[in-house]
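In: let me see the structure of the following:
(one chain, ligands or ions: 1)
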Amino acid sequence: MPSEIVHTIGCTIYLVFALLFLWMGRVPRTNAGPGWWAGAMLFALASRLAYFLLLSRTDLALAVFVYASLVAVEKALLAIGLVEFLGLQVRHRWLWAALAAAELWVLLAWLSDVHPVARSLGLALFNAGFLSFIAWTAYQRRNDVPNHLMLLTAVVSAALVLHWMSAFVIFQAVPGWRVTGFLLGTLLVLVQYMSLLAAVLMDFQRRLVQAEANALDMAFQDPLTGLNNQRYMNTLFEKALVLANRPHQSAAVIFIDLDNFKPINDLAGHHVGDEVLRTVAGRLKKNTRSTDICARIGGDEFVVICTQLDRAEQAGDIASKLLTELIQPITVEERHFALGASIGISLYPAHGDTLAKLLEYADSAMYQIKRSGKNGYQIHPGAGAAGAAAAAA
Ligand SMILES: Nc1nc2c(ncn2[C@@H]2O[C@H](COP(=O)(O)OP(=O)(O)OP(=O)(O)O)[C@@H](O)[C@H]2O)c(=O)[nH]1
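Out: Take a look at the predicted model:
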């Protein structure tokens, strides 16, 4: 293939990649990696153009000098971009120092007119050094980006090391190899930058999915305990009603307010209070079915909605079990805390068919327990066969 075509293809690809990286660098919250890679691509483009234009007008040594000095910058920017993209603790100054050494070598080689083999060997060594750093780093961090993209970067960079270290020897032995070598190098560089481009996109997608998951968590979960929040409890209740509507099935809304929780905060600190609330949440989860709904709706207020009950009386048994669990001492930072709980229960459909109504009844039953000495449970009066049941633990 004529060298004009090879260089035109190479230049076009580099330009497209430079623009893509520039565009990606502007995506909000994207790190600095793509910006450095856009710079690297622009230097790769400049090196190709310079080589191509100078070769036809001046001597080979000058064309190689300009080409070599620009390519060295490209490799350094590529390495710095990787450091930034992966958030590595590598000081840029080491890479700048390596670049300065490479540039010095290229300049001295040109000025002192050293043998072409020595000149090419020096440049190949510096470029292979940068590429080895990239290959090794990408390999080390191969699990940081999904779909093995860093592994691909590592493999192609290693192939480019071989390419640089062998090309100058082959150039000497087979002069016609120059165009083929450029073509091969361009292809490898293309795959290398494509893997980086895909890695940036993959990282972007990962952050998007993570942000969506966080937003959903915030919408549906109580951040302290991980239980459902009140808003999501309403949605879940609607769904649960569809199942409870089957003949002879009912549901129970169990309203739980911890007794004497405030002194824990006051005496041991808010962070200990938080841990106690988390433990309570864990106990509620552990002692209910996966189809039941557990939510924290206030400071020390929890709601458990037991769906798919065969008999209304089951609600009292469940409340009794939960109360037994909740009064077990809780240990935080080697301190033991004994809590109580006041529990009020309402039943669907006996007391109402909306969550608002059922919560109101369960809340009022819970207050009855608070007023009559705390630490017990009660089903809201008038629940048919279940009637009112109070138990003091
Ligand atoms: N640690 C912690 N405390 C909270 C949180 N939300 C609310 N609280 C506290 O929980 C306490 C709840 O108050 P009360 O229900 O009156 O406290 P109590 O001692 O259980 O009172 P009784 O229910 O009458 O036994 C308040 O002191 C709130 O500041 C939270 O997220 N973490």
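In: and Gly344, that one's in a strand?
Out: Yes. Counting by DSSP: H, G, I helix; E, B strand; the rest coil, Gly344 is located in a strand.
In: what's around it, how many residues?
Out: Using other Cβ atoms under 10 Å, the number of residues around Gly344 comes to 26. (Each C-beta comes from the backbone N, C-alpha and C, glycine too.)
In: next: the one 5 residues further on.
Out: Residues near Pro349, counting by other Cβ under 10 Å, number 14.
In: do you know how far it is from Gln328?
Out: Separation of Pro349 from Gln328 (Cβ to Cβ, to the nearest Å): 34 Å.
In: same question, Ala61
Out: Ala61 sits 85 Å away from Gln328, taking Cβ to Cβ as the criterion.
In: please say which of the two ends up with more neighbours.
Out: More crowded of Ala61 and Gln328, by other Cβ under 10 Å: Ala61, with 14 against 10.
In: what are the phi and psi angles of the more buried one?
Out: Backbone torsions of Ala61, given as degrees, to the nearest 10, read phi -60, psi -40.
In: ok and the residue in the stretch 1-150 of the chain nearest the ligand?
Out: Nearest residue of the stretch 1-150 of the chain to the ligand: Arg29, at 29.6 Å (Cβ to the nearest ligand atom).
In: next, count neighbours for that residue.
Out: Neighbour count for Arg29, taken as other Cβ under 10 Å: 7.
In: before we move on, what about Lys357?
Out: The number of residues packed near Lys357 is 14, by other Cβ under 10 Å.
In: please tell me I have it right and it contacts Pro349.
Out: No. The criterion here is Cβ atoms under 8 Å, and Lys357 misses it with Pro349 at 10.5 Å.
In: longest helix of the protein?
Out: Of all the segments of type helix in the chain, defined by DSSP state H, the longest one is helix 177-220.
In: any chance you could list what contacts the next helix or strand after that one?
Out: Next helix or strand after helix 177-220 toward the C-terminus (DSSP states H and E): helix 230-244. Identification of contacts with helix 230-244 by Cβ atoms under 8 Å, 6 or more residues apart in numbering yields 219-221, 228, 249-251, 291, 293, 295, 297, 303, 305, 307-309, 348-349, 353, 355.
In: re earlier: compute the inter-axis angle for the longest helix of the chain and helix 230-244.
Out: 80 degrees (axes from the mean of the first three to the mean of the last three Cα atoms, to 10 degrees).
In: could you give the mean pLDDT of helix 177-220?
Out: With pLDDT averaged residue by residue, helix 177-220 scores 87.
In: the residue of the stretch 101-250 of the chain found nearest the ligand and Arg278: what is the separation?
Out: Closest contact between the stretch 101-250 of the chain and the ligand, by Cβ to the nearest ligand atom, is at Leu224 (5.1 Å). As judged by Cβ to Cβ, Leu224 and Arg278 stand 7 Å apart.
In: got the residues of the protein near the ligand?
Out: For the chain, the residues in contact with the ligand (Cβ under 6 Å from any ligand atom) are 224, 257-262, 265, 270, 273-274, 277, 299-300.
In: can we see that at 5 Å?
Out: Contacts of the chain with the ligand, taken as Cβ under 5 Å from any ligand atom, map to Leu258, Asp259, Asn260, Phe261, Lys262, His270, Gly273, Asp274, Gly299, Asp300.
In: give me the below-cutoff pLDDT ranges for the stretch 1-150 of the chain.
Out: Along the stretch 1-150 of the chain, the model assigns pLDDT under 70 to residues 1-3.
In: quick one, strands of it?
Out: For the stretch 1-150 of the chain, applying DSSP state E, counting those that start in this stretch gives no strands.
In: all helices of this protein, in order?
Out: Under the criterion DSSP H, the chain contains helices at 3-25, 33-57, 60-86, 92-111, 116-140, 149-173, 177-220, 230-244, 262-268, 270-286, 314-326, 355-371.
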